[in-house]
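S.K.: need a structure here:
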Amino acid sequence: MGVGEFFKRAAKERADAWEALRSGRGLDYAKEKAARDLGTVKKFSDGLAKSREALARDLTRVLDSSTLGGGSKNLDATLAQLEEVLIMSDLGVDTVDSVLADLRADAKAARLTSREDITTCLKDSLVRILLRRGGQDGVAGLAVRPEGEGPTVVVVIGANGMGKTTTIGKLATRYRREGKTVLLAAADTFRAAAVAQLQAWGERANAAVVVPKTGQKSAAGVCYDAMAQAVRDGVDVVIMDTSGRLHTNINLMGELKKIVGVVSKFRDGSGPDEVLLVVDASIGRNAVAQARTWSDEVGVSGLVVTKLDGTARAGFVVSVVDELGLPVKLVGVGESVDDLRDFDPVLFVEGLVGS
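M.R.: Numbers count the residues shown, from 1 in each chain. A predicted model of the protein is given here:
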């Protein structure tokens, strides 16, 4: 979320707290908020358990064998081993270079005297990268169109098997719980199963679904119908599913550009509010190449990282943000509908590196 959105959320929390106090529910409100906050921390921690265990094991091996007080040679040897560990965690060479530069600067300032110092510096460096590159304050929430300016439009893209349709269903559920009306566009016209899956999610989320007409193969046509219906009915949010093919598919890129053009027709030239690229955490560094191509072609606004709980290679998230300057907006840390969470850099790094 941007700085303005951060303050809006903080103001809302203060207003909720005052209302709870006035109604005599102050203690209940405090308990509920604490439970929500602890739940978020636990979800990130549990979801990153595999990555944390792998990284912690390798860091322990390196740091237990290091002698930090033995001069620059010992430090260089320790950093060389750390470099290997971090690259194996899918952080990427450029990102690892930035982290090592921070470690050397701390060493020069005599701030590295123990393994705890190295771990702390590592976490600080990773958080700084995510904050510097991942949006105004590193917590890049979803865009929301001002009331009265038409529906917020979210286009969801990605290769097959990344969890795209499931993400749309969970996102629709979130919007509905916020009291918003939601319309889903089943614009994956190449797979009948994708349309049926989106319809099932629409039923679960109580969201309307625009499906292809009989024989309709134009994804842009489906999106046009969805936009027309949303504008006519005053819908709050439109979420568009798209065909899931590889980022190297030229025809797919042309199709996505047409969809962006359709949205622009309803908005005096401005495109979707969000173009979210869904990537499966298990593909690791391959996500960087995917994100780079998609972003160059259709202008990705942020990433959704799914199945974070099923991989030991979650370090790639930092390198995607660092190398491409794209914020991670949402992460999937489990199977339930509530496990699609806003990305939080501090919680992510704490869950990745541990104590």
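
S.K.: which stretches in the stretch 101-250 of the chain count as helices?
M.R.: 115-133, 164-177, 192-205, 219-233, 250-265 (DSSP state H, counting those that start in this stretch).

S.K.: is it true that residue 327 touches residue 305?
M.R.: No. Residue 327 sits out of contact with residue 305 when judged by C-beta atoms under 8 Å, with a separation of 11.2 Å. Glycine gets a C-beta too; all of them are placed from N, C-alpha and C.

S.K.: compare neighbour counts for the two and give me the winner.
M.R.: Using other C-beta atoms under 10 Å as the criterion, residue 327 and residue 305 rank with residue 305 on top: 28 against 23.

S.K.: just give the nearest non-adjacent residue to the more buried one, would you?
M.R.: In space, and not counting its chain neighbours, residue 305 is closest to residue 331: 4.8 Å by C-beta to C-beta, 6 or more residues apart in numbering.

S.K.: got it, and residue 328?
M.R.: Closest residue to residue 328 apart from its sequence neighbours, by C-beta to C-beta, 6+ apart: residue 343 at 4.2 Å.

S.K.: kindly report the same for residue 273.
M.R.: In space, residue 273 is closest to residue 143, 4.2 Å off (C-beta to C-beta, 6+ apart).

S.K.: who's in contact with that neighbour?
M.R.: Residue 143 sits next to 152, 273, 274, 301 when contact means C-beta atoms under 8 Å, 6 or more residues apart in numbering.

S.K.: that older thread, which residues are in contact with each of residue 327 and residue 305?
M.R.: Taking C-beta under 8 Å, 6+ apart as the contact rule, residue 327 and residue 305 both touch residue 343.

S.K.: just the strands in this structure please.
M.R.: Using DSSP state E, the strands assigned to the chain run over residues 152-157, 182-186, 208-210, 237-241, 274-280, 302-306, 328-332, 340-342.

S.K.: what sits against residue 206?
M.R.: Listed by C-beta under 8 Å, 6+ apart, the contact partners of residue 206 are residue 176.

S.K.: that one and residue 142: what is the separation?
M.R.: 20 Å (C-beta to C-beta, to the nearest Å).

S.K.: go on, residue 168?
M.R.: 13 Å.

S.K.: name the residue in these two with the higher neighbour count.
M.R.: The neighbour comparison of residue 168 against residue 142 (other C-beta under 10 Å) goes to residue 168, with 29 against 20.

S.K.: for residue 276, give the beta-bridge partners.
M.R.: residue 156, residue 302 (DSSP bridges).

S.K.: ok, it - contacts?
M.R.: 154, 155, 156, 157, 167, 300, 301, 302, 303, 304, 329, 330.

S.K.: hang on, the fifth one packs against residue 280?
M.R.: No. Assessed by C-beta under 8 Å, residue 167 is found out of contact with residue 280, at 10.6 Å.

S.K.: overlap in contacts of those two?
M.R.: Joint contacts of residue 167 and residue 280 (C-beta under 8 Å, 6+ apart) are residue 306.

S.K.: can you give me the pLDDT of the closest residue to residue 98 other than its chain neighbours?
M.R.: Excluding its sequence neighbours, the residue lying closest to residue 98 (C-beta to C-beta, 6+ apart) is residue 129, at 6.3 Å. Each residue has a pLDDT score; the one for residue 129 is 87.

S.K.: then residue 176?
M.R.: 94.

S.K.: count the residues that sit near residue 221.
M.R.: Neighbour count of residue 221, defined by other C-beta under 10 Å: 17.

S.K.: and it, how far from residue 250?
M.R.: Using C-beta to C-beta, residue 221 is found at 20 Å from residue 250.

S.K.: which of the strands of the chain sits closest to residue 111?
M.R.: The closest of the strands of the chain to residue 111 is strand 328-332. By C-beta to C-beta, the value is 28.9 Å.

S.K.: I'm done for today, thanks for sticking with me.
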